[in-house]
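Chemist: I would like the atomic coordinates for the input below:
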Amino acid sequence: LSFSNFNKYIKYSKFKIDYKHIDKSLNNYYDYFIVGSDQVWNTNFKRFSNINLLSFVDDRKRISFSASFGINKLPEEYCDLFKKELLKFRKISVREESGKKIVEEITGRKDVEVLVDPTMLLTSEEWDKVSKRPKQLDNIKENKYILNYFLGTLSEKRKKEIDRIAKENNCYIINILDKNDPFYQTGPSEFLYLEKNAFLVCTDSFHSSVFAILYNTPFIVFDREDNKENMSSRIDTLLSKFKLEDRRFNGKINDELLNHDYTEAYQILEKERKKSENFFKKALDIK
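Modeler: Next up is the predicted model:
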């Protein structure tokens, strides 16, 4: 329900794409089609198909904005498909350096750009407009909380370290993806509020890291311990681009990690937003 409520902020067209039947007449209604961003080109996902490469779209109408593979290497059996379809794109931008390398090696194109995730094009003030305070916070006696957002498993060793910091700073711990936690299945609006107001964000999630940056919240990135396929390229590029490599967990949470200064990161972000703006102007032939 909370996710359905958030969808009211999204404008949808009257057209829907059915994976079993593609109506190519859509080409008559739109000048351009844009695909992006979050792992839309990850072939490990069952939902992946050539639709993600805009195969139903006329040549030169296709644009990718900050498209993400989410993996460092494309499986061999998909290389021919990607080469065929990506050569038809008028402009290509990806979200990770590894994605740029994949596209360049497969297609030979030299015009591939690495741009920030679309969520970073909006300011924190704009995200605040769709933010909402979770009701569960009314039942917490502590004034501060640590937000745990882990897509992978959290080892006992790491959990003990987070527990130590929570105890020393009188913080409640919210495990947002734990089925036994009162905050489980928190919606997007509530998630934004929790990211903004956390004493500390502990995460292995790309987007949790993104919103911590946007909201000027201290955060620590943990490598996933249970990941069979390396999917860290997204976070690697994020931390490297914004010179926040020191946000990585190295076994202990010290005062330096709790203190933060994103001044340089915000200066870089403004330049990245301008790069994205220029990309769209070129891609859409806007003078």
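Chemist: for the spatially closest residue to Trp41 that is not a sequence neighbour, give me the pLDDT.
Modeler: Nearest residue to Trp41, sequence neighbours excluded (C-beta to C-beta, 6 or more residues apart in numbering): Phe69, at 4.7 Å. (Glycine included, C-beta is placed from N, CA and C.) pLDDT recorded at Phe69 is 92.
Chemist: and what of Thr186?
Modeler: For Thr186, the predicted pLDDT is 89.
Chemist: that one reaches Phe3, doesn't it?
Modeler: No: counting by C-beta atoms under 8 Å, Thr186 sits too far from Phe3 to count as a contact (9.9 Å).
Chemist: mind checking which of the two has more residues around it?
Modeler: Applying other C-beta atoms under 10 Å to Thr186 and Phe3 shows that Thr186 carries more neighbours, namely 23 against 11.
Chemist: I'd like to know how far the more buried one sits from Arg133.
Modeler: Thr186 sits 11 Å away from Arg133, going by C-beta to C-beta, to the nearest Å.
Chemist: with Ile165 instead?
Modeler: From Ile165 across to Arg133, the span is 24 Å (C-beta to C-beta).
Chemist: when these two are compared, which one has more neighbours?
Modeler: Ile165 (20 against 12).
Chemist: quick check: closest non-adjacent residue to the more buried one.
Modeler: Distances taken as C-beta to C-beta, 6+ apart put Ile253 closest to Ile165, at 5.0 Å, once the chain neighbours are dropped.
Chemist: what's the answer for Gly152, then?
Modeler: Arg224 (3.8 Å).
Chemist: over to Leu194?
Modeler: Leaving aside its chain neighbours, Leu194 sits nearest to Leu147 (5.2 Å; criterion: C-beta to C-beta, 6+ apart).
Chemist: ok, then the element right after the helix or strand in which the one you found is found?
Modeler: Secondary structure from DSSP states H and E places Leu147 in strand 144-149. Later in the chain than strand 144-149, the nearest helix or strand by DSSP H and E is helix 156-168.
Chemist: please report how far the residue nearest to Gly152 lies from Ser233.
Modeler: In terms of C-beta to C-beta, Arg224 sits 12 Å off from Ser233.
Chemist: mind checking which of those two has more residues around it?
Modeler: When Arg224 is set against Ser233 and neighbours are counted by other C-beta under 10 Å, the residue ahead is Ser233, at 22 against 16.
Chemist: could I get the contacting residues of that one?
Modeler: By C-beta atoms under 8 Å, 6 or more residues apart in numbering, the contact list for Ser233 reads Phe69, Gly70, Ile71, Asn72, Glu96, Glu97, Ser98, Gly99.
Chemist: make JSON lines out of the residues you listed and add distance to Val201 and neighbour count.
Modeler: Output for the contacts of Ser233, formatted as JSON lines (distance: C-beta to C-beta, whole Å; neighbours: other C-beta atoms under 10 Å):
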{"residue": "Phe69", "distance to Val201": "25", "neighbour count": "26"}
{"residue": "Gly70", "distance to Val201": "21", "neighbour count": "23"}
{"residue": "Ile71", "distance to Val201": "25", "neighbour count": "22"}
{"residue": "Asn72", "distance to Val201": "25", "neighbour count": "17"}
{"residue": "Glu96", "distance to Val201": "21", "neighbour count": "27"}
{"residue": "Glu97", "distance to Val201": "24", "neighbour count": "15"}
{"residue": "Ser98", "distance to Val201": "24", "neighbour count": "22"}
{"residue": "Gly99", "distance to Val201": "25", "neighbour count": "27"}
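Chemist: and which of the residues you listed is nearest to Ile174?
Modeler: Gly70 (25.8 Å; C-beta to C-beta).
Chemist: I figured the closest one was touching Ser37, is that so?
Modeler: No: counting by C-beta under 8 Å, Gly70 stays clear of Ser37, with 10.4 Å between them.
Chemist: phi first, then psi, for the spatially most central residue of the chain.
Modeler: In the chain, the centroid-proximal residue (C-alpha atoms, centre = their mean) is His207; its distance is 3.9 Å. For His207, the backbone dihedrals (degrees, to the nearest 10) come out as phi -70, psi -30.
Chemist: cool, and Tyr29?
Modeler: Here is the backbone geometry of Tyr29 (degrees, to the nearest 10): phi -100, psi -20.
Chemist: can you check the one 4 residues further on too?
Modeler: Dihedral angles phi and psi of Phe33 (degrees, to the nearest 10) take the values phi -130, psi 130.
Chemist: much appreciated, bye for now.
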